[in-house]
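>>> structure for this input, please:
(one chain, ligands or ions: 2)
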Amino acid sequence: MSAVAPRPPEAAAATVGLVRAYGDGPGAVRALDGVTMWLPSGRFTAVMGPSGSGKSTLLHCLAGLDRPTGGQVLLGDTDLGGLSEAELTAVRRDRIGFVFQDGNLLPHLSAGENIDLAASLAGRRPDRVWRAELVERLGISDRLTHLPGELSGGQRQRVAVARALLGRPELVVADEPTGALDTASGRELLGLLRACVDDYGQTVVMVTHDPQAAAVSDQVLLLRDGVAAGRITAPTPERVLAALGDLSAGEQL
Ligand code: ADP
Ligand code: MG
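Ligands and ions are numbered 1, 2, ... in the order given. Predicted structure coming up:
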């Protein structure tokens, strides 16, 4: 793992007082209740917290997939809240790679077509060398003509990762990407996300429940009940486990 810079590097993305509420009145749910956090540029951040603490909502807001109720999301110098739908679509396409919890592939397109989809839609030619390296590292080079329904859950997830990384987005957002993978595939995927940071200078943010996976990151942000509840720098599995224990015991970290 690379050393964390002694000075905080510039933020690739940040949220300021981020609020996402569902419904209103007494039944309203505040999935995010004023989250201020930042993702250091060219670093790997893991997000952890109990189920329902707002992790997926935070990632969707960071990736411009969900419009916040209040507060700000900044991608570099761009305030996503100030963008039109068309501008936001372009930002999602050109600057962000999202790996969804369930892969989210189009069922009638082959694995290869799914990987190339964003580039095809944008009328761009994918970088063939990078594409070949990606599918090789992900172990899916002999699966590219298969439909998603003909692949295992783990293979589908790896196709989704290749799709997200193909355009070399400045920000890679992954929601529990190793959840459906066996140990070896999970480790390979984490290695690839780590390489995105170390070898290609991308910024990665990943939700995980797994302390071993979180320990691959440079910092872990903890969420509880829609608020930021702590930060672990230079995480190890032991430190992450201890922090999660404190979090569920209700301690302020
Ligand atoms: P996590 O990913 O940490 O499990 P989520 O971000 O998915 O948490 O959800 C945070 C909270 O917001 C939960 O209480 C969840 O039930 C609620 N929530 C998420 N999406 C919706 C929605 N579309 N409508 C209503 N409530 C939602
Ligand atoms: Mg979630």
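
>>> can I get the lengthiest helix in the chain as PDB, trimmed to CA atoms?
The single longest helix within the chain, with elements called by DSSP state H, is helix 183-198. Taking C-alpha atoms only, helix 183-198 is exported to PDB below (Å, rounded to 0.1, in the frame of the first residue of the first chain):
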ATOM      1  CA  THR A 183     -12.300 -14.700  -2.000                       C
ATOM      2  CA  ALA A 184      -9.900 -15.000  -4.900                       C
ATOM      3  CA  SER A 185     -12.000 -12.900  -7.400                       C
ATOM      4  CA  GLY A 186     -12.600 -10.400  -4.600                       C
ATOM      5  CA  ARG A 187      -8.900 -10.100  -3.900                       C
ATOM      6  CA  GLU A 188      -8.200  -9.600  -7.700                       C
ATOM      7  CA  LEU A 189     -10.900  -6.900  -7.900                       C
ATOM      8  CA  LEU A 190      -9.400  -5.100  -4.900                       C
ATOM      9  CA  GLY A 191      -6.000  -5.300  -6.500                       C
ATOM     10  CA  LEU A 192      -7.400  -3.700  -9.700                       C
ATOM     11  CA  LEU A 193      -9.000  -0.900  -7.700                       C
ATOM     12  CA  ARG A 194      -5.800  -0.400  -5.900                       C
ATOM     13  CA  ALA A 195      -3.900  -0.300  -9.200                       C
ATOM     14  CA  CYS A 196      -6.400   2.400 -10.500                       C
ATOM     15  CA  VAL A 197      -5.000   4.500  -7.700                       C
ATOM     16  CA  ASP A 198      -1.400   3.600  -7.600                       C
END
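
>>> pLDDT averaged over the helix or strand following it - what is it?
Per DSSP states H and E, the first helix or strand lying C-terminal to helix 183-198 is strand 203-207. For strand 203-207, mean pLDDT is 97.

>>> just how off-centre is the longest helix of the chain within its chain?
13 Å (C-alpha atoms, centre = their mean, to the nearest Å).

>>> please apply the same query to stretch 99-112.
16 Å.

>>> ok, it near ligand 2 or not?
No: no part of stretch 99-112 sits near ligand 2 under the criterion C-beta under 5 Å from the ion; the closest distance found is 6.3 Å. (Glycine included, C-beta is placed from N, CA and C.)

>>> now do that stretch: distance from first to last residue.
Terminal residues of stretch 99-112 lie 16 Å apart, using C-alpha to C-alpha, to the nearest Å.

>>> for residue 9, give me the pLDDT.
54.

>>> in the longest helix of the chain, what's buried?
Buried positions in helix 183-198, judged by neighbour count with 16 or more other C-beta atoms under 10 Å: 185, 186, 188, 189, 190, 192, 193, 194, 196, 197.
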